[in-house]
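A.B. asks: pasting the sequence and the predicted coordinates here, then a few questions.
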2 protein chains.
Amino acid sequence: MTKPISLGLVGLGTIARNQHLPSLADTPALELTAIASRNASLDGVLCFQDIHAMLEGSDIAAVSLCTPPQGRFEQAVATIEAGRHLMLEKPPGATVSEVQALARLAEAKGVTLFATWHSREAAAVEKAREMLSDAVITSVKISWREDVRHWHPGQEWIWQPGGLGVFDPGINALSILTRIMPDPVHVHAAMLEVPSNKQAPIGAELEMRSAKGAPVHAVFDWRQTGPQTWDIEVETETGTITLRDGGATLHQGDTCLIAAQDEEYRRLYKRFGELIAAGQSEVDLAPMQLVADAFLLADKRDTDPFHD
Amino acid sequence: MTKPISLGLVGLGTIARNQHLPSLADTPALELTAIASRNASLDGVLCFQDIHAMLEGSDIAAVSLCTPPQGRFEQAVATIEAGRHLMLEKPPGATVSEVQALARLAEAKGVTLFATWHSREAAAVEKAREMLSDAVITSVKISWREDVRHWHPGQEWIWQPGGLGVFDPGINALSILTRIMPDPVHVHAAMLEVPSNKQAPIGAELEMRSAKGAPVHAVFDWRQTGPQTWDIEVETETGTITLRDGGATLHQGDTCLIAAQDEEYRRLYKRFGELIAAGQSEVDLAPMQLVADAFLLADKRDTDPFHD
């Protein structure tokens, strides 16, 4: 058995503690040996105040960034320049062009860059992709409605410029969409509802279209209390298939084909190990391009101020 | 001498009359044989009410679209599906992803797609590109200030979603920037000033950065009365070079190297003829990606309502 790849984690927030740490513990190919966090430490690993100290003070071969997207570019450049492989939490950056720049830099430096989309690793996504690979799709409906107060309490960065607002969860739906559709999708109309005291949308509607002409309608809403909804319904000439629970369950008509446990981050880290071993990168910016295009094209409407 | 390629022009607005028609008349490789316009006709050529009638009722081999970007996608798809070569006025569409879709479609159909950036054809741009190809660039300043009331009187589409606002001229600067810089550029901060009665910005500031780390600062303003400014100033380790007048003049320090007549659209049509003859396409979306990323990332500020 080969020695595991030593990895440093940057940013020890909720997503790191709930997902990255337990998933890393279950990934034999990788070994967490360092963290960089201003305010937190972790038993049994090297702890640093910031990524620069970590890159200088440890012999980690790979870095995983779980910090907010707005400041991630400098951290990513430092990592790649230091010859370390890099995995990015979603969204991979604050703009499409900065991640394109990272991809070029990683290629020049010969390191792996993995821009992750955790929802693509949900249990039923690959099956849906297979079922749709030769289907004639007539329409797609996305409904992604959740309660921001529950999922992002007090997280100010999501409302600031570059924070995406309701597209922070919405881009998960778009990452699944662009994975399961057999042909590319583009935005042709968008509406954003922006709270009068914030910079990012709390609600959005996108009208998209596949290259073969199938309409894709998406509603993203952060004001949903009660049951939460993360559904993608695909109508084809031979019937309907529905992904629910963010891609964890799959129905064909009324029949449940898959209902499985969440293994998203375990799969991401396994894949990161494989990409490093193979000397490859994986950077698909299609979900982020759709969001950038939505902002570019959108009819923007002021809505009620939002208070946590 | 080979027979000229017959071409149909769609949209007979100001830009078509002032630039496209005289330039086509000076391009031996192309012959204007048809136009499509709801409200205008032109002596000596076949006139149609819309592009669909033109594509069906004429044997044109190529189409040039001068319509506003918001409705151009359907016209472009119809053209390419009909097996005709296609030239797009800037910006090439309302979103990046829709033009990517057009590029794929054109490739599949084996026709030429030319997404034009007329400012790249300004007299001094290629010389600036040559001079910068092996320069060490330390900073770039863009100042693009004009009077919207003079240049776009009553044009409501530029203020509507997808109309780009001050980026309609600003993207010309970005098209020059992305042509003359020896390495790619990305946006890392943006500020947009949006009139309270409009959807698109009247002023913008972009903080960009080249892959090699040179800062690029751009100011776009549509409220400039009096002298108009379209300048790009590039500081290098060996001195300053300045493009003025939208790329028509070039100074190295105080020395004027080039000051030439505008031939932008003549060069575009010449190039379109060459691309068709060579069976090639040219679609560089870097300028538009920067604008989409600016909208995505921007700190958006309300400003005074605008009235024509």
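C.D. replies: On my side now, so go ahead. Residues are numbered from 1 along each chain as shown, chains lettered A, B, ... in the order given.

A.B. asks: what does the helix or strand of chain A at the bottom of the mean pLDDT ranking rub up against?
C.D. replies: Ranking every helix and strand in chain A by mean pLDDT, DSSP states H and E puts helix A:14-15 at the bottom, with a mean of 90. Here helix A:14-15 makes contact (C-beta atoms under 8 Å, 6 or more residues apart in numbering or on different chains) with A:66, A:89. The way it works is simple: take the backbone N, C-alpha and C, and place the C-beta from them, glycine included.

A.B. asks: if we use 10 Å, what do you get?
C.D. replies: Contact partners of helix A:14-15, identified using C-beta atoms under 10 Å, 6 or more residues apart in numbering or on different chains, comprise A:21, A:66, A:89, A:90, A:118, A:151, A:152, A:153, A:155, A:265.

A.B. asks: which one of those residues is nearest to residue A:82?
C.D. replies: residue A:66 (18.1 Å; C-beta to C-beta).

A.B. asks: now do the contacts for the closest one.
C.D. replies: A:9-17, A:19-21, A:35, A:37, A:72, A:87-89.

A.B. asks: again, but for residue A:61
C.D. replies: A:4-8, A:30-31, A:33, A:83-85, A:111-112, A:276.

A.B. asks: selecting buried members of the residues you listed in ChimeraX, what would you type?
C.D. replies: The buried residues among these can be selected in ChimeraX (16 or more other C-beta atoms under 10 Å in any protein chain shown) with this line:
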select /A:5,6,7,8,30,31,33,84,85,111,112,276
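
A.B. asks: of the contacts of residue A:61, list those near chain B.
C.D. replies: By C-beta under 10 Å from any C-beta of the partner chain, no member of the contacts of residue A:61 lies near chain B.

A.B. asks: enumerate the residues of the stretch 1-150 of chain A near chain B.
C.D. replies: With the criterion set to C-beta under 10 Å from any C-beta, the stretch 1-150 of chain A comes near chain B through A:69-70, A:73-74, A:77, A:91, A:93-102, A:104-105, A:108.

A.B. asks: buried among these? Need that as a selection in PyMOL.
C.D. replies: Only the buried entries of the residues of the stretch 1-150 of chain A next to chain B go into this PyMOL selection, using 16+ other C-beta under 10 Å:
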select buried, chain A and resi 69+70+73+77+91+93+94+95+96+97+98+99+100+101+102+104+105
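
A.B. asks: out of the residues of the stretch 1-150 of chain A next to chain B, which sit inside helices?
C.D. replies: A:73-74, A:77, A:96-102, A:104-105, A:108 (DSSP state H).

A.B. asks: turn these into CSV, columns for pLDDT and distance to residue B:220.
C.D. replies: Formatted as CSV, those follow (pLDDT from 0 to 100; distance: C-beta to C-beta, whole Å):
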residue, pLDDT, distance to residue B:220
A:73, 94, 23
A:74, 93, 26
A:77, 96, 27
A:96, 96, 20
A:97, 95, 17
A:98, 95, 20
A:99, 96, 24
A:100, 96, 22
A:101, 94, 22
A:102, 96, 26
A:104, 96, 26
A:105, 96, 28
A:108, 96, 32
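
A.B. asks: tell me the two of the residues you listed that are most distant?
C.D. replies: Across these, the longest distance by C-beta to C-beta is 19.0 Å; it joins A:96 and A:108.

A.B. asks: just to revisit the earlier point, of the contacts of helix A:14-15, buried ones?
C.D. replies: Neighbour counting by 16+ other C-beta under 10 Å classes A:21, A:66, A:89, A:90, A:118, A:152, A:155, A:265 among those as buried.

A.B. asks: now do the closest residue to the second one other than its chain neighbours against residue B:121, distance only.
C.D. replies: When you say that, I think you mean residue A:66. Spatially, and ignoring its direct neighbours in sequence, residue A:66 is nearest to residue A:11 (3.9 Å; C-beta to C-beta, 6 or more residues apart in numbering or on different chains). Residue A:11 is 46 Å from residue B:121, where distance means C-beta to C-beta, to the nearest Å.

A.B. asks: quick check: phi and psi at residue A:298.
C.D. replies: Torsion angles at residue A:298 (phi, psi; degrees, to the nearest 10) stand at phi -70, psi 140.

A.B. asks: circling back to that earlier point, which ones among the contacts of residue A:66 map onto strands?
C.D. replies: Among the contacts of residue A:66, the ones falling in strands (DSSP state E) are A:9, A:10, A:35, A:87, A:88.

A.B. asks: got a list of what the second one touches?
C.D. replies: For residue A:10, the set of contacting residues under the criterion of C-beta under 10 Å, 6+ apart consists of A:16, A:34-37, A:48, A:50-51, A:54-55, A:63-67, A:72, A:75-76, A:79, A:86, A:89.

A.B. asks: so for it, what's the nearest residue that isn't a sequence neighbour?
C.D. replies: residue A:36 (4.6 Å).

A.B. asks: and that neighbour, what's its pLDDT?
C.D. replies: Looking at residue A:36, its pLDDT is 97.

A.B. asks: so what's it bridging to?
C.D. replies: As for beta bridges, residue A:36 partners with residue A:10, residue A:48 under DSSP bridges.

A.B. asks: now for it: which residues touch it?
C.D. replies: A:8-12, A:46-55, A:57-58, A:63, A:65, A:67, A:75.

A.B. asks: how does it look with 7 Å?
C.D. replies: A:8, A:10, A:48, A:50, A:51, A:53, A:54 (C-beta atoms under 7 Å, 6 or more residues apart in numbering or on different chains).

A.B. asks: can these go into a markdown table with extra columns for pLDDT?
C.D. replies: A markdown table is the format used below for the contacts of residue A:36 (pLDDT from 0 to 100):
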| residue | pLDDT |
| --- | --- |
| A:8 | 98 |
| A:10 | 97 |
| A:48 | 97 |
| A:50 | 96 |
| A:51 | 97 |
| A:53 | 97 |
| A:54 | 98 |
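
A.B. asks: which of those residues are buried, as a ChimeraX select command?
C.D. replies: The following ChimeraX line selects those of those that are buried, judged by 16+ other C-beta under 10 Å:
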select /A:8,10,48,51,54
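
A.B. asks: chain B: which of the contacts of residue A:36 is nearest?
C.D. replies: Closest approach to chain B among the contacts of residue A:36 (C-beta to the nearest C-beta): residue A:51, at 17.4 Å.
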